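# Here is the input, now give the coordinates:
(2 chains)
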Amino acid sequence: MADTVVGANPDPHAAGDDPNRRDFIHIAAGVAAVGLVGALAWPFIDQMNPASDTLALASIEFDLGKVVAGQQVTVKFRGKPLFVRHRTAAEIAAAIKDDHAAMRDPQTDEERHKPGKAEWLILIGTCTHLGCVPTFGGGEYGGWFCPCHGSVYDTSGRIRKGPAPKNLEVPTYAFLSDSKVKVG
Amino acid sequence: MSGHSTYEPKTGFERWLDTRLPIVRFGVDLMDFPTPKNLNYWWTFGGILAVCLGIQIVTGIILAMHYVPNADLAFNSVERIMRDVNYGWLIRYIHANGASMFFIAVYIHMFRGLYYGSYKAPREVLWILGCVIYLLMMATAFMGYVLPWGQMSFHGAVVITNLFGALPVVGHAITTWLWGGFAVDNATLNRFFSLHYLLPFMIAGVVGLHIWALHVPGNNNPIGVNVKSKEDTVPFHPYYTVKDGFAISVFLLMFATFVFYFPDALGHADNYTPANPLVTPTHIVPEWYFLPFYAILRAVPDKLMGVILMFGAIAMLFVLPWLDTSKVRSMRYRPTARLYFFIFVVACIVLGFCGAHPPDEPVIPGVSGFQLLDSDINSFVWLSRIATLYYFGYFLLVMPILGLTETPLPVPESISAPVLSHPAKAPAGAAASPEKRG
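Model prediction:
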C-alpha cells in the first residue's frame, strides 16, 4: 500500500524498510475493523438461537395415572411429540431378550428407563433420521416404525433397521412421585 | 458492456443526462447487444426465467400484504387469501404454480447449457453464477412451501432442517440454531418468512451479475463456435426480443393452463391439513422439483453419506467446467457425448420418479425380484441407486474421459460459414436448421 503513494507525500520507506507510523495506522485500523465485525457478527448469529422465553417453557409435568398398561400417550414437549409408554411385561421381556443383539447404537433396556420403573418408557417421539414421528405397532420388532424412510425401532425404542443412526432419544426426566414425572 | 457504444444522444436533455448518468446509453447498448444469429428456441429460457422471477416477486409482495407469519394464524390467513381476499385465489395460485414453472424453465435452461457446452471457457463464471441462482431458488422455494403451515409444509421443514443434524459434532447445535427452539415452531416460521422475502431480491442481484458475465464473452450458440465477425451476429432487439417474446407467450399459455385448470396438480392434498407436530403424513415427499435429490438422499442407507451425496449432486454442477475435458463445446458435434447426455436426462427423470415413491415399493408391481443387500432388487431404492450411480458417473467419469477419447465431428469454421460460403460442407443439421433441437 504505502509503496504506491505518489504526489506531495514523501516516500515513507525512503529512509529504510522499517515499519513506520503509516504502516502502523493501516494495520491497526485493519485489525480494529476485523475485530469490530467479528464482535458484531456474534449477536447477529446468536439471535437465531432459542430465546429466553422459549428456554423458560422447556419443562413439563405429566401425570402417569391416566396411562394404562399397553397404552401410549403422546404429549407435546418442546414442540416435539413425547411418547409416554406404559409397557406390558411382554414388551419389557422382548426388550431385555435383545439386549445383546447386534445393534447400531448398542444400549441395554436397563439404560433406557429409570431404575425399578421398567414399565415406563419415556421417549422423544422423533425419528433420529430426519425427525418424522414414528408410529407404534409397526415394524418387525414390536416397537415403532417411521413412515418416512422406514426406520424400525424395538420395544425399547432402539434402532434396529433402516437409515436412522441413533436410538429414540430419552429426555432428561425425574419421577416427582410414583405417578408423576417432570420432563426437561 | 459490449465494447464500443452505438448510442448517440439526440436531444439536449439526453446529452445533459448522458454526461451525468448514462442510463439511456446503458439501455440502448443492452438492446443493441450483438447476439449470434443462430440461437434456437432453447435460448429463450433466459428471458422466460426473468419473467418468472418478476411474476414471483410481484405476486409474492401482494401475498405478503395478506399473509400472517405466525404458527397459530398462518394456515387460516392462507385460507382467507383463497376465500375472502379479492382475487386472492388467483394471486396465490399464480405464486404457487409460478414456483413450479420457474423450476421447469430453469431445468430446461440448465440442460440446454449442459448440451451446448455453455459452461466451458470463457463462460465458467457465468455458469457458476447460474448455479448460485439455482441454489438460492431452491432455498427460496423450500422456505416458501413452509409458509402455509400445512402438514407437508411442517414435516417438509422438519425433514430438511434435520438434514443438517447429520453433520458430526455441530449438527445438533446447527438444527437448534436454524429452528430457534427445540423443534420447527413459530420462531422457524418467522425467520423463514423473513428469508423468503429477502432471497428473491438476492436472486435478482445475482441475475444482474449473470447477465453481466454473459455480456462479456457474449452468448454461446448451438454450434458452439465463437462469433468471428459482425456477419455472425444480429442486434438483440428486435431479433431476440421478438423471438423471446413469442416463447414467453407460449410459456405463459402453459402457465395459465395450470393456474386455471389444474391449480393443485403440482401440490399435495396433505398441505390443506393444518400442521400437526404430533402426526407425520404417512407418505411424505417434497415438491416435484426436489424429487431427484430426495431420491439420491434415500438411496444411501447411511444418514450422513446420504446428505453428503445429495449436496454433492449439486456440487457437481459447480465444478463441471473443469470436469469436461472436451475442446468441442456443442454436443451437436459430439455424437458419443450426446448419447451419454440423453441417458443423463433420463437418469434425472428416473430419480425424480423414484423420489415420488416409497423406497420399498416395487418398480414393476406384482413381480418379486431377489433380495440384494438390504432391499429387493425390484424396488425404487435400487432403481434410485442405479440412477444415482449414473448421475455421478456422468460428471466424474464420462465428462473427463470422453473428452479425451472421443472423435468429434468436424466443427464449422464460423456461424455463417456453413450457410453462406460452403453449404455443401456443412454437417447435416448444423446451422442450416438452427431452430431444431440438437
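
# Enumerate every residue touching the residue in the stretch 301-438 of chain B that chain A sits nearest to.
Across the stretch 301-438 of chain B, no residue is closer to chain A than B:Lys303, which sits at 5.0 Å (Cβ to the nearest Cβ). The C-beta positions use only the backbone N, C-alpha and C, and glycine is treated the same way. The neighbours of B:Lys303, taking Cβ atoms under 8 Å, 6 or more residues apart in numbering or on different chains as the test, are A:129-130, A:163-165, B:166.

# any idea which of the residues you listed is least confident?
Minimum pLDDT across these is recorded for A:Pro163, with 81.

# Could you list the residues of chain A in contact with chain B?
A:45, A:48-51, A:54, A:58, A:74, A:76, A:78-81, A:125-126, A:129-133, A:146-150, A:162-165 (Cβ under 8 Å from any Cβ of the partner chain).

# Where strands are concerned, which of the residues you listed count?
Counting by DSSP state E, the part of the residues of chain A next to chain B found in strands is A:74, A:76, A:80-81.

# want to throw those into TSV with pLDDT?
Formatted as TSV, those follow (pLDDT from 0 to 100):
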residue	pLDDT
A:Thr74	91
A:Lys76	88
A:Lys80	88
A:Pro81	91
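
# What degree of burial does the closest residue to B:Pro34 other than its chain neighbours show, as a neighbour count?
Leaving aside its sequence neighbours, B:Pro34 sits nearest to B:Thr233 (Cβ to Cβ, 6 or more residues apart in numbering or on different chains; 3.8 Å). Burial of B:Thr233 is recorded as 21 neighbouring residues (other Cβ atoms under 10 Å in any protein chain shown).

# ok, B:Thr233 - contacts?
Neighbours of B:Thr233 in contact, by Cβ under 8 Å, 6+ apart: B:34-37, B:218, B:227.

# quick one: terminal-to-terminal distance for stretch B:17-29?
16 Å (Cα to Cα, to the nearest Å).

# ok, now stretch A:154-173?
Stretch A:154-173: ends 21 Å apart by Cα to Cα.

# Can you list the buried residues in that stretch?
Buried residues in stretch A:154-173, defined by neighbour count with 16 or more other Cβ atoms under 10 Å in any protein chain shown: A:154-165, A:167-168, A:170-171, A:173.

# what does the stretch 1-150 of chain B put close to chain A?
Going by Cβ under 8 Å from any Cβ, none of the residues of the stretch 1-150 of chain B are near chain A.

# can you give me the helices in the stretch 1-150 of chain B?
B:12-18, B:23-31, B:45-64, B:74-83, B:88-115, B:124-146 (DSSP state H, counting those that start in this stretch).

# ok, now chain A?
A:21-46, A:52-56, A:89-97 (DSSP state H).

# what about those, which gets the closest to B:Ala265?
Ranking the helices of chain A by their distance to B:Ala265 (criterion: Cβ to Cβ) puts helix A:52-56 first, at 38.6 Å.

# still on that earlier bit, state the phi and psi torsions of the residue nearest to B:Pro34.
Phi and psi for B:Thr233, reported as degrees, to the nearest 10, are phi -120, psi 160.

# Check it and give its pLDDT.
For B:Thr233, pLDDT reads 94.

# now it, which residues is it bridged with?
Taking DSSP bridges, one obtains B:Pro36 as the residues bridged to B:Thr233.

# From A:Ser177, how far off is it?
85 Å (Cβ to Cβ, to the nearest Å).

# Of the residues of chain A next to chain B, select the buried ones using a PyMOL command.
Entered in PyMOL, the line below selects the buried ones among these, by 16+ other Cβ under 10 Å:
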select buried, chain A and resi 49+50+54+74+78+79+80+81+125+126+129+130+131+132+133+146+147+148+149+150+162+163+164+165
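
# By mean pLDDT, flag the weakest helix or strand of chain A.
helix A:52-56 (a mean of 84; mean pLDDT, DSSP states H and E).

# export that helix as CSV, just CAs?
Output of helix A:52-56 as CSV, limited to C-alpha atoms (Å, rounded to 0.1, in the frame of the first residue of the first chain):
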residue,chain,number,x,y,z
SER,A,52,-35.2,-16.9,26.8
ASP,A,53,-38.9,-17.4,26.8
THR,A,54,-38.5,-20.5,24.6
LEU,A,55,-36.0,-21.9,27.1
ALA,A,56,-38.1,-21.0,30.1
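
# Good, we can wrap up now.
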